[in-house]
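Visitor: Give me coordinates for this.
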Amino acid sequence: MLSLKARLFCFMLKHRNILRFKRKKDPIDWNTYDAVLGFRQDVEKGARFAKKLPPDIKILPVTIGELPAEWILTSQTKKNKVILYFHGGGYVSGTCNSHRMHVAKFVKGSKVGALLFEYRLAPEHTFPAALEDALAAYHWLLSQDISPSSIVFVGDSAGGGLCLATLLALRDQSIQLPTAAAVLSPVTDFTCTGESYKTNLKKCLAPEGSTLAFAKHYAGNNDLSLPYISPLFGDLQGLPPLLIYAGGDETLRDDSIRFANKAEKAGVDVRLEIGKGLFHCYPVCAPLFPEATQAMSEIGQFIKKATE
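Guide: Sure, this is the predicted structure:
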């Protein structure tokens, strides 16, 4: 059973328009460019309300080729042990600014520093732009004399899907993989065929129709079922240990369940955690309710153990 704090938090999210004394917005056509721009603006506005970073968190901007990126560190982070973070945002939004606070939580929980990078966004830059940028970020880390055995991939939502696609691409190119990966509510099936897209439609907090629209923005003229777009349809053999979290009430729930089941059958060491009654990427809400705090602690321990 959900904790009281979790139930209250879910209620507030579901009824946020009423609590702000605003009427429910009219349905949005997510296939339009204007809708994408509006979504980006909302994501960046939301980042303004995030609490200030803890005083022991240090931000060091860097560039990877032409890609903006930043190191997120603490005085306790170990040298040459790195989280490579893939931000979410439906492949159409997301920046270092929007995800800095989230990544800081993983850094504090694991005592492992993170490199957060910005990949090119759709629809201006369609597939394979984001994948190319992710590969460039990994190769940049290797060029800094950081061993793959000291790197853990972490990603949320579309970033989780990009994280898994990057693993497939690295394996296919016979490049040594990172030691492990942890993903939150990853998009693994951009054809949106999971049963939870139907059964959780009314319970999910994500805007209706946004996932498939964002998929089309990202894929461009490419087939949505390509494994580097939808990792669920790829050969999953040879992947490193995986930790997957998803909310039980989100439409993307079955993306995680189906991927984890297929990965396990392929011989991958995979652990799947479904937060019953919870929502998309709920662990990043730590410490606001116990379930998120517990999940964030477990992810931190996973990262720490993987890089020992």
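
Visitor: got the residue ranges for the strands in the stretch 51-200 of the chain?
Guide: Under the criterion DSSP state E, counting those that start in this stretch, the stretch 51-200 of the chain contains strands at 58-64, 67-73, 82-86, 113-117, 151-156, 180-184.

Visitor: Sorry, wrong one. I was asking about the stretch 201-308 of the chain.
Guide: So, for the stretch 201-308 of the chain - with DSSP E, counting those that start in this stretch - the strands run 242-247, 270-275.

Visitor: returning to what we had before: could you dump the strands of the stretch 51-200 of the chain into JSON lines and include distance to residue 268?
Guide: Placement of C-beta: from N, CA and C, glycine included. Output for those, formatted as JSON lines (distance: least, CB to CB, whole Å):
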{"stretch": "strand 58-64", "distance to residue 268": "28"}
{"stretch": "strand 67-73", "distance to residue 268": "28"}
{"stretch": "strand 82-86", "distance to residue 268": "18"}
{"stretch": "strand 113-117", "distance to residue 268": "24"}
{"stretch": "strand 151-156", "distance to residue 268": "14"}
{"stretch": "strand 180-184", "distance to residue 268": "10"}
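
Visitor: In a markdown table: these, plus mean neighbour count, distance to residue 196 and mean pLDDT.
Guide: Putting those into a markdown table (neighbours: other CB atoms under 10 Å; distance: least, CB to CB, whole Å; pLDDT from 0 to 100) gives the following:
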| stretch | mean neighbour count | distance to residue 196 | mean pLDDT |
| --- | --- | --- | --- |
| strand 58-64 | 13 | 35 | 97 |
| strand 67-73 | 19 | 32 | 98 |
| strand 82-86 | 26 | 22 | 98 |
| strand 113-117 | 24 | 29 | 98 |
| strand 151-156 | 28 | 18 | 98 |
| strand 180-184 | 27 | 16 | 98 |
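
Visitor: Of those strands, which is nearest residue 302?
Guide: With distances scored as CB to CB, the stretch of the strands of the stretch 51-200 of the chain nearest to residue 302 is strand 180-184 (5.8 Å).

Visitor: tell me which strands and helices the closest one is in contact with?
Guide: strand 151-156, helix 158-172, strand 242-247, helix 290-306 (3 or more CB pairs under 8 Å, 6 or more residues apart in numbering; DSSP states H and E).

Visitor: for the strands of the stretch 201-308 of the chain, which one ends up most surrounded?
Guide: Sort the strands of the stretch 201-308 of the chain by mean neighbour count, taking mean count of other CB atoms under 10 Å, and strand 242-247 sits at the top with a mean of 26.

Visitor: what's that one packed up against?
Guide: So strand 242-247, by 3+ CB pairs under 8 Å, 6+ apart, packs with strand 180-184, helix 253-265, strand 270-275, helix 290-306.

Visitor: related to what we said a few turns ago, among the helices and strands packed on strand 180-184, which comes closest to residue 29?
Guide: Nearest to residue 29, of these and by CB to CB, is helix 158-172 at 19.7 Å.

Visitor: in the closest one, what's buried?
Guide: 158-171 (16 or more other CB atoms under 10 Å).

Visitor: re earlier: now for the strands of the stretch 51-200 of the chain, which one comes closest to residue 124?
Guide: strand 67-73 (14.5 Å).

Visitor: Okay, now the sheet partners of the closest one, with direction.
Guide: Strand 67-73 has its sheet partners listed here by DSSP bridges as strand 58-64 (antiparallel), strand 113-117 (antiparallel).
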